[in-house]
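Below is the sequence, then the predicted model.
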Amino acid sequence: MNEKGLNIVLKEIFGLEDLTESPSISSIESKIPKLTSKISNSKARFFDEIAPVVEDIESSWDRTKKTHEKISEIDAKILEIEKKLEDPIDGIKAKVKNSASSHLSLQEKLKEEGKSLQVLKDLQLFSIEVLQFDKKINAESDFLAASRSFDRFNRLLSSIKSVGSKAKIINELENAVCQRKLLLKPKLNSMWKKTFKIEPLSIHYEFQGISGVDLLECFERLDSSNSEKKISEFSLNLEKNIFEAIFIDFDYEVKITEGKDSGSQLKLLFKNESKVRAQQIRKDMKKTVFHKKNVKENVKEISNSKAISNVEKTLESIERIVEFVKEKLGKNGEKNVMKEIGKLLGNRLVHQIIQGPLHSAVPEDPNQLESFKQLLNSTVKFEEKMRKIGFIEENDKQLSDFASNIELHFGSKKRDKLLEFGRIILLGDDFSTMKVSEIPGMEFILKEKEYEPVSNVIVSKKVSEMIQLIRKTLEEASKEENSSRSLELYSTCRNLLDLFIALVPRSNLVPSLGMVYANDCNFLAFAVPFLIVPFKLRTIHKELAEKVTLLDYSLTFRSLADQQLMKQLKKQRETMEESLDGLNGLVDTHVQSSYENAKKAINKTLYQLQHLSKVWKEVLVSPLYFALMGEIVDHVFDRVAREVLSLNDISEEETHSLHRLLSMLFEVKSLFVLEGEEPDLRHCKKFVKFFKVTELLELPLNDISYRLDKQLFIQ
């Protein structure tokens, strides 16, 4: 309120005419009653007029208060800025950080809003795709478009999931996708079966409005594992029904026909008795999984030129089959289907080619090596085509490497064949025997007088055949002009000896076979060092002749012979022990039942000794027979003597029964008799001692005392 307004109020309140002079107290007091009455009368009017003023004052006060608060805040900020000005870098950093934080917060909000909008769009698209899918799948008009819709289902579903939508919506969408998947999958499987029919010796492709490439794309979109599964099944059927057949019989041709209705067929047609042969091959293919067998078993002995022709035909046939498949399956988007099939079949197929026709084409005659080298060019071209298609790896050169290393494979094939012959000999059922003197070609060794006893040694026919095989191999090695091939043949001889050691059984052999095996090993220990002599003398590779030897095998075979002899002795000792257990310690032999039991045990032992003698005499030379039989008989004598000496007290009646029992064992003298000669008991060292023990049982006590005093028992 300004001054003019104030004067007007005072003038009106005090009833003054002029305010130029200050009013006196008396004048004011005289005016009070009037003023009081006036105030009372104008109270209502005053409040009406003052109310806006009060509101204005209160508003001004609030603004003033806020102003003071802002001033305080500004002062605080000024202080903070002053502090930050002391370290300006930290201040700038804090400001930038605050700005960045605000910016990120704003971006997050915008992003969340964008996601929400995207979910709405995706839901709309999802419903549209579902409708389109249902139309296509029900009409069965466009499987590829339906599968692409399915692919978009999954993408949209993933997008909706990423924003963390409610589980109920997600579950409903997933159920919708699952239902469409259940509709699409069986229809695709049915279409695949109609499109591709692989049977033994044929592939039939029928275009059903959707190509094989598109079918695989449908499976891929449905689920990548579906596509892989179909490629795997297709590959295995292709191998089992087509590729296996081309290795069973080479007399066939690959025929491809293109039908008018977009159908194609590949067939294997056999030339000789085609129907009968094809039926037989189908039966063979049903019996076994071919790639698990040894391919060599299916390769017959044929001429080298025919074998080379078979290799080239096999490579050409595989090319045609692979190209036919590539034409029908080709490329599925970025996925090379032939590369996937090649991963499953390529390496196995290459191994079958190597083990089958290519190995068969390796010549056995060195003069035919040049003709084999023409296959190198064929294998290189084949590998280039297969790499271009994607059927084999870029660095796969197994076929061309095999063809280029013909020298190595020639030697290996020769070795394998010789080892196979050796294996057939050693695992054969012929257990007949012969004398060493009857082995062909041993004259150059046995002509020496000191080796004449060896000529009567009995050995197995298997050893004779092995000796002949080794001699023939060494003879061929001595004539070989190529030193590496000569060395390979020499190594093969060592392999044949290793084969004998590995394959010929030497455990749990009956007495006859056990001793024949010991004879074989002793003879090989004797003969093997001599076999290398002609090779050393005849070979033109003198540096090789100085290095080769078979002498180390002599010690090996000698050790095997000794081990077998020890096994046989141990086994016969155990047999005698079992028989002599029936003696029951020779206790109470004056009792008839005990005497009969002991007599039975001794008769059993004598029978076994006589049988063993008969068997050993047929296969052992006399010195060895006497030595071994002496060991066994001494063991029997020792056991019986120990039984007698272990008795605590022997009655007179019992001495007579023991004497009769022990005297029965004197029949062993016949085991040491050769035809027309007297018994030679020098090898039975305990015979005399046993005889004296038996004699002692019948001597009078005076004679026993006399001989004991004279120490005659010591002699």
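Nice, thanks for sending it over.

Start and end of stretch 234-250, how far apart?
Start and end residues of stretch 234-250 are separated by 24 Å (Cα to Cα, to the nearest Å).

Check which residues of that stretch are buried.
Using 16 or more other Cβ atoms under 10 Å as the test for burial, stretch 234-250 gives 234-235, 238-250. Heads up, the C-betas are built off the backbone N, CA and C, glycines and all.

Please apply the same query to stretch 576-586.
Buried, per 16+ other Cβ under 10 Å, within stretch 576-586: 576, 579-580, 583, 586.

Can you verify V633 is assigned to a helix?
Yes. Assessed with DSSP: H, G, I helix; E, B strand; the rest coil, V633 lies in a helix.

what's the neighbour count on it?
26 (other Cβ atoms under 10 Å).

mind listing which of the buried residues of stretch 576-586 are in helices?
576, 579-580 (DSSP state H).

Which single one of the residues you listed is nearest to M629?
M576 (11.9 Å; Cβ to Cβ).

so what's the closest one up against?
605, 608-609, 632, 635-636, 639 (Cβ atoms under 8 Å, 6 or more residues apart in numbering).

could I get these as a markdown table with pLDDT and secondary structure?
Output for these, formatted as a markdown table (pLDDT from 0 to 100; DSSP: H, G, I helix; E, B strand; the rest coil):
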| residue | pLDDT | secondary structure |
| --- | --- | --- |
| T605 | 92 | helix |
| Q608 | 93 | helix |
| L609 | 92 | helix |
| I632 | 92 | helix |
| H635 | 92 | helix |
| V636 | 92 | helix |
| R639 | 90 | helix |
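
Quick one, which of the residues you listed are buried?
By 16+ other Cβ under 10 Å, the contacts of M576 give 605, 608-609, 632, 635-636, 639 as buried.

still on that earlier bit, as TSV, the ones in helices among the buried residues of stretch 576-586 with pLDDT and distance to L216 would be great.
TSV is the format used below for these (pLDDT from 0 to 100; distance: Cβ to Cβ, whole Å):
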residue	pLDDT	distance to L216
M576	92	78
S579	91	79
L580	90	82
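
Kindly reformat those residues as a markdown table and extend each row with distance to C493.
Below are those laid out as a markdown table (distance: Cβ to Cβ, whole Å):
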| residue | distance to C493 |
| --- | --- |
| M576 | 42 |
| S579 | 46 |
| L580 | 48 |
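
about what we covered before: show me which of the buried ones among the contacts of M576 is closest to V325.
Q608 (72.6 Å).

Compute the distance between that closest one and E578, please.
For Q608, the distance to E578 equals 9 Å [Cβ to Cβ, to the nearest Å].

swap in L238?
For L238 relative to E578 (Cβ to Cβ), the value is 64 Å.

returning to that earlier point: and the buried residues of stretch 234-250, which two are furthest apart?
F234 and F250 (25.3 Å).

Number of residues surrounding K229?
12.

Kindly apply the preceding question to L509 instead.
17.

Kindly state the pLDDT recorded for it?
At L509, the model reports a pLDDT of 87.

Next: L524.
At L524, pLDDT is 92.

Give the buried residues for the host helix or strand of it.
Element membership for L524 (DSSP states H and E) is helix 511-538. Residues of helix 511-538 classed as buried by neighbour count (16+ other Cβ under 10 Å): 511-529, 531-532, 535.

Tell me how far it lies from the chain's centre.
Helix 511-538 sits 41 Å away from the centroid of its parent chain (Cα atoms, centre = their mean, to the nearest Å).

any idea where the strands of this structure begin and end?
Assigned by DSSP state E, the chain shows strands spanning 196-199, 202-206, 252-258, 263-270, 331-332, 335-336, 433-435, 458-460.

could you give the mean pLDDT of the last one?
Okay, so that is strand 458-460. Taken as a whole, strand 458-460 has an average pLDDT of 91.

Off-centre distance for it?
That offset, for strand 458-460, works out to 44 Å (Cα atoms, centre = their mean).

Which secondary structure elements does that strand sit against?
Where contact means 3 or more Cβ pairs under 8 Å, 6 or more residues apart in numbering; DSSP states H and E, strand 458-460 is packed against strand 433-435, helix 511-538.

among the ones you listed, which is nearest D552?
With Cβ to Cβ as the criterion, D552 lies closest to helix 511-538 of the helices and strands packed on strand 458-460, at 9.3 Å.

Pull the residues that contact stretch 583-598.
Applying Cβ under 8 Å, 6+ apart, the contact partners of stretch 583-598 are 582, 601-602, 640, 643-644, 646-647, 651, 653-654, 656-658, 661.

wait, which of those is closest to L215?
Nearest to L215 out of those is G582 (Cβ to Cβ; 83.4 Å).

Quick check, that closest one in contact with K599.
No. Taking contacts as Cβ atoms under 8 Å, G582 lies outside contact range of K599: 9.5 Å.

nearest residue to E452 other than its sequence neighbours?
L446 (6.9 Å; Cβ to Cβ, 6 or more residues apart in numbering).

So, low pLDDT: which residues of the stretch 551-700 of the chain?
In the predicted model of the stretch 551-700 of the chain, residues 675-676 satisfy pLDDT under 70.

And E327, how close does it get to T257?
E327 is 13 Å from T257, by Cβ to Cβ.

what do you get for R423?
Counting by Cβ to Cβ, the gap from R423 to T257 is 47 Å.

higher neighbour count, the two?
More neighbours surround R423 than the other of R423 and T257, with 14 against 10 (other Cβ under 10 Å).

any idea of the pLDDT on the more buried one?
R423 is assigned a pLDDT of 92 by the prediction.

give me every residue that touches the nearest residue to K567 once chain neighbours are set aside.
Counting by Cβ to Cβ, 6+ apart, K567 lies nearest to G514, which is 6.9 Å off, once chain neighbours are set aside. Counting by Cβ under 8 Å, 6+ apart, G514 makes contact with 564, 567-568, 571.

For S72, state which of those residues is nearest.
K567 (112.9 Å).

Look at the closest one and say how many residues are nearby.
17.

What of R558?
Applying other Cβ under 10 Å, I find that R558 has 15 neighbouring residues.

and what of Y252?
Y252 sits with 22 neighbouring residues when counted by other Cβ under 10 Å.

wait, doesn't it sit right on N310?
No. Assessed by Cβ under 8 Å, Y252 is found out of contact with N310, at 10.8 Å.

Save the buried residues of stretch 576-586 as CSV, and put in distance to D416 too.
Shown next, in CSV, are those (distance: Cβ to Cβ, whole Å):
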residue, distance to D416
M576, 47
S579, 50
L580, 53
L583, 58
L586, 63
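
Which of the residues you listed sits closest to V615?
M576 (14.9 Å).

quick one: that closest one from R506, how far?
M576 is 22 Å from R506, by Cβ to Cβ.

do the same with D430
For D430, the distance to R506 - Cβ to Cβ - is 18 Å.

if I pick S622, what's in contact with it?
S622 touches L674, counting by Cβ under 8 Å, 6+ apart.

roughly how far apart are it and M629?
Distance from S622 to M629, by Cβ to Cβ: 10 Å.
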